[in-house]
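In: here is a sequence with its predicted model. Questions after.
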Amino acid sequence: MRTGEPLPPVGEVLATLATGLWTWDTATELVTVDAEAARLLGLPAKQATLTEAQARARLHPVDWNEIISVVGLAVAERTLAEVRIRIMDEHGRVLRVVRSRSKPSYDKERHAFQLIGTLQEVTEPTPGTPAGRSAVTGDWRRSREAFLLDAGRALAEARSTEEVLRVAAGLSMPGFSPDGLAVFGVEGERVTIVGLHGYQPGDEDPFAAMPLDTDHPAAEVIRSGRAVYLSTPSDYKTRYPVMWQLVESFGRQSWAFLPLIVAGRTMGAWMASFAYPVAFTPDERSVLTTVARMLAQALSRAGAAETERALTDGLQRSMLPTLGPQIPGMNVAARYVPTGGGLQVGGDWYDMIPLPGGRFALAIGDVQGHDVRAAGLMGQLRIALRAYASEGHRPDAVLSRASRFLHGMTDGDGDGDSADPRFATCLYVEADPATGTLDIARAGHPDPAIRLADGTVLARPTAGGLPLGIDPDADYPTTRFALEPGETMLICTDGLIETGGHDLDSGWQRIREILEDHKGDLEELADALVQGVHGPSSHHTTGPLADRREDDIAVLLLCRPGEGCGEPVTATAPQIRRTMLSVAQTEPERVAVARQHLRELLHDWRSQDQIDSAVLLLSEMLTNVLVHTDADALLLAEVRGEPGSRRMRVEVNDTSDDLPHRRRPGELASSGRGLVLMELLAQAWGVEPRGEGKSIWFELYEAEEAVTP
């Protein structure tokens, strides 16, 4: 080439030097190679675009794992990534060894690596020699740092013994990855096998439960606390002749046995076996020793966590009852899930208590706190509730006595200055399977929800008092309503509502959607509720709060068999939807609850105007009772018929004999418009005297065509 002549194209220069060019974009998962790079990969010598899977199939799996580590380290250090790669054929044989040098970069917007580099064939080292065992990068220090960084992170994130063993089996050591692993533990005076990788099922049988004084490398390591390295089969046979007869058939060529030491105590041994000779140089021993230390720490953490989980979960579940046989006329399902952080034991509980006359009681509650004391108080409180209920007390008396009991338990010497006062929320339900009647007393606990036979879900407001244990003289009024055939009642602790950053409103909305969409039986519904707030799908339904706290979950479902619960829904069955709510003179704020209750009952009514009219009329009727009488009001609402031609009937009953009178209010009058609105908005209405008191009612008929809200 003469001076002044233009330089030849880069492609020609690379081809002359037998050097291939390649690019890799992890965002698109595509690898582009020129003709020379394709040839070096064992492909036809022409430019091609491969998927990551196709390119990976041409490389030795150990080398692929190390490439990922080296690329990440090169990006962090802003240097070149140099690797040596073994190219494999379709039968798993090494075709050649190539060296790649590339400049990786990281795209923050796409969260992906972009690489462009060269491939060049190098002389393949002889297996078993120091060159043959050196790191694929050709740089032992950087390869070791990358490997140990990844290994430490992966082992630190493992949460169980099984996960630790799975991570250990997937570690790819720089240049000398083992193909067989075993972790040995100690139980009393025997050596056990905790986990195995790279062997067939049953291979561990001769070594299971070996006496600690057995002439086996793992037993010697556990006894002495010193590592044992066996570079050749002859080393193994000479040192452990009896055991050699058992391991010879496995076909391994080198073995390393290292102690697993935590806080100065040898808790077991780790074996790494190799299908090719390994000299175990100082560098290789250093890597193996470091991995053994990290593995020991990970196994110790996982073992302690598993012991704690087993202890606390066993303690919690031992305090929870079994529901036993189903009760004629009612179906019951329950779930308990300990999900809180830290010590997985808390104060959530549920119970089902048989009562005289075929009746039974359901109780669910949550003692303040998430510790052993909360669990202990929960167990005592549950026993106390069961005792009071078995004595025949009504729901209000059961909770009053339980509150006095808990107050005495946590109030110390009675001076109100206890070092650890506690309270508990509770919902107590007494059920009559023959009639479906439910008597409910509530102590600071979330209200129940009712799923009607057609899938409509209503929050059922109930009267309540303070949480148990705060005031020993607290009262707990009782709310009564009937569970119709096909209806299901849900009661739960706040963990089901608020887990995942939800407040009461957004949490109930999430639960309502699960209840309305579910089509299976009661047990499947219980599973769906737990999975919806705690399973994988819950990550898509996080709430508005920044605190994504988790709490224990206790769920009880009570169903009265009928169409929609335990029986298929038939097309000819009449569609009836009912609700009932009481509004006392001392609770005028429940008028707003009643309005919301009616809106929920009419959630799929076609005309929004009719819904607004019904809510307005209901508000007038309830307000008239509270203002013009001394009686309490009882709301009864019913929707009957098929969608598109349904009838809505709303009644308000009271015990006053005073009948409403039509008046002509002036422009500035503050009352007197109730009956006028009835005539204008209702399609039918009336006032009916009863034996004691009266009933004011109105009816609306669903419009034939939908009205756009």
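Out: Yep, it's here.
In: biggest helix in the protein by residues?
Out: Ranked by number of residues, the top helix in the chain under DSSP state H is helix 282-319.
In: for it, give the mean pLDDT please.
Out: Summarised as a single mean, pLDDT over helix 282-319 is 79.
In: show me what the next helix or strand after it packs onto, helices and strands only.
Out: Sequence order places strand 331-337 as the next helix or strand after helix 282-319, per DSSP states H and E. In terms of contacts (3 or more C-beta pairs under 8 Å, 6 or more residues apart in numbering; DSSP states H and E), strand 331-337 is packed against strand 348-354, helix 522-534, strand 553-559. Heads up, the C-betas are built off the backbone N, CA and C, glycines and all.
In: of these, flag the one that's most buried.
Out: Per residue and on average, the most neighbours among those fall to strand 553-559, with a mean of 25 (mean count of other C-beta atoms under 10 Å).
In: next, the angle helix 522-534 makes with that one.
Out: On the basis of axes from the mean of the first three to the mean of the last three C-alpha atoms, to 10 degrees, strand 553-559 is oriented at 150 degrees to helix 522-534.
In: surely Phe250 touches Asp203?
Out: Yes. Between Phe250 and Asp203 there is a contact at 7.1 Å, judged by C-beta atoms under 8 Å.
In: looking at those two, which is more packed in?
Out: Using other C-beta atoms under 10 Å as the criterion, Phe250 and Asp203 rank with Asp203 on top: 17 against 14.
In: the more buried one: what's it in contact with?
Out: Counting by C-beta atoms under 8 Å, 6 or more residues apart in numbering, Asp203 makes contact with 196, 250.
In: am I right that it sits in a helix?
Out: No. Counting by DSSP: H, G, I helix; E, B strand; the rest coil, Asp203 is located in no helix; its state is coil.
In: and the gap between it and Ser254?
Out: 18 Å (C-beta to C-beta, to the nearest Å).
In: same deal with Ser300?
Out: As for Ser300, its distance to Ser254 is 28 Å (criterion: C-beta to C-beta).
In: likewise for Gly180?
Out: In this structure, Gly180 lies at 10 Å from Ser254, with C-beta to C-beta as the measure.
In: any common contacting residues for those two?
Out: Applying C-beta under 8 Å, 6+ apart, one finds that Gly180 and Ser254 are jointly contacted by 273-274.
In: let me have the helices and strands packed on strand 331-337 in CSV, adding distance to Glu36 and mean pLDDT as columns.
Out: Below are the helices and strands packed on strand 331-337 laid out as CSV (distance: least, C-beta to C-beta, whole Å; pLDDT from 0 to 100):
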stretch, distance to Glu36, mean pLDDT
strand 348-354, 67, 89
helix 522-534, 54, 88
strand 553-559, 61, 91
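In: nearest to Leu438 among these would be which one?
Out: Nearest of the helices and strands packed on strand 331-337 to Leu438, taken as C-beta to C-beta: strand 553-559 at 8.0 Å.
In: can you list contacts of that closest one?
Out: Residues contacting strand 553-559 (C-beta under 8 Å, 6+ apart): 330-337, 339, 348-350, 362, 364, 366, 429, 431, 438, 483, 487-493, 495-496, 499, 522, 525-526, 529-530, 533-534, 565-566.
In: mark which of those are buried, thanks.
Out: Among those, those classed as buried by 16 or more other C-beta atoms under 10 Å are 330-337, 339, 348-350, 362, 364, 366, 429, 431, 438, 483, 487-493, 495-496, 499, 522, 525-526, 529-530, 533-534, 565.
In: once you drop chain neighbours, what's closest to Trp605?
Out: Taking C-beta to C-beta, 6 or more residues apart in numbering, and ignoring the residues beside it in sequence, Trp605 has Ile611 as its nearest neighbour in space, at 5.4 Å.
In: sorry, that was for Val639
Out: Take Val639 and drop its neighbours on the chain: the residue closest to it by C-beta to C-beta, 6+ apart is Arg577, 4.2 Å away.
In: tally of neighbours for that neighbour?
Out: Counted with other C-beta under 10 Å, Arg577 comes out at 23.
In: with Arg293 instead?
Out: For Arg293, the neighbour count with other C-beta under 10 Å is 16.
In: tell me how far it lies from Trp270.
Out: For Arg293 relative to Trp270 (C-beta to C-beta), the value is 10 Å.
In: cool, Val83 as well?
Out: According to C-beta to C-beta, Val83 and Trp270 sit 28 Å apart.
In: can you list the low-confidence ranges for the stretch 351-500 of the chain?
Out: Where the stretch 351-500 of the chain drops to pLDDT under 70, the residues are 412-420.
In: what segments of it are strands?
Out: 360-367, 424-432, 437-443, 449-451, 457-459, 464-465, 478-482, 488-492 (DSSP state E, counting those that start in this stretch).
In: swap in the stretch 1-150 of the chain?
Out: 19-25, 30-33, 48-51, 81-88, 94-107, 112-122.
In: C-alpha coordinates for the helix or strand in which Phe184 is found, PDB please?
Out: Assigned by DSSP H and E, Phe184 belongs to strand 180-187. Output in PDB follows, covering the C-alpha atoms of strand 180-187 (Å, rounded to 0.1, in the frame of the first residue of the first chain):
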ATOM      1  CA  GLY A 180     -21.800 -31.700  41.000                       C
ATOM      2  CA  LEU A 181     -22.600 -30.100  44.400                       C
ATOM      3  CA  ALA A 182     -23.700 -31.400  47.800                       C
ATOM      4  CA  VAL A 183     -24.300 -29.800  51.100                       C
ATOM      5  CA  PHE A 184     -23.900 -31.900  54.300                       C
ATOM      6  CA  GLY A 185     -25.400 -31.100  57.600                       C
ATOM      7  CA  VAL A 186     -25.100 -32.400  61.200                       C
ATOM      8  CA  GLU A 187     -27.900 -33.900  63.300                       C
END
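In: what are the buried residues along that strand?
Out: Across strand 180-187, burial judged by 16+ other C-beta under 10 Å covers 180-186.
In: what pairs with it, and is each one parallel or antiparallel?
Out: strand 190-197 (antiparallel), strand 265-274 (antiparallel) (DSSP bridges).
In: the shortest one - what's its average pLDDT?
Out: Just to be clear, that refers to strand 190-197. When pLDDT is averaged along strand 190-197, the result is 87.
In: right, and the helix or strand after that strand?
Out: Per DSSP H and E, the first helix or strand lying C-terminal to strand 190-197 is strand 210-211.
In: got the contact list for that following strand?
Out: With C-beta under 8 Å, 6+ apart as the contact definition, strand 210-211 has outside contacts at 189-191, 216, 218-219.
In: filter those down to the buried ones.
Out: 191, 216, 218-219.
In: which one of the residues you listed sits closest to Ala682?
Out: Closest to Ala682 out of the buried ones among the contacts of strand 210-211 is Val191 (84.7 Å), distances taken as C-beta to C-beta.
In: so the closest one touches Thr214, yeah?
Out: Yes. Between Val191 and Thr214 there is a contact under C-beta under 8 Å: 6.9 Å.
In: put the alpha carbons of stretch 235-243 into PDB.
Out: C-alpha atoms of stretch 235-243 as PDB (Å, rounded to 0.1, in the frame of the first residue of the first chain):
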ATOM      1  CA  ASP A 235      -5.900 -39.100  45.700                       C
ATOM      2  CA  TYR A 236      -9.400 -40.000  46.700                       C
ATOM      3  CA  LYS A 237      -8.700 -43.800  46.500                       C
ATOM      4  CA  THR A 238      -5.500 -43.500  48.500                       C
ATOM      5  CA  ARG A 239      -7.000 -41.300  51.300                       C
ATOM      6  CA  TYR A 240     -10.500 -42.900  51.500                       C
ATOM      7  CA  PRO A 241     -10.300 -46.400  50.000                       C
ATOM      8  CA  VAL A 242     -13.600 -47.600  51.400                       C
ATOM      9  CA  MET A 243     -15.600 -44.600  50.200                       C
END
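In: I am finished for the moment; much appreciated.
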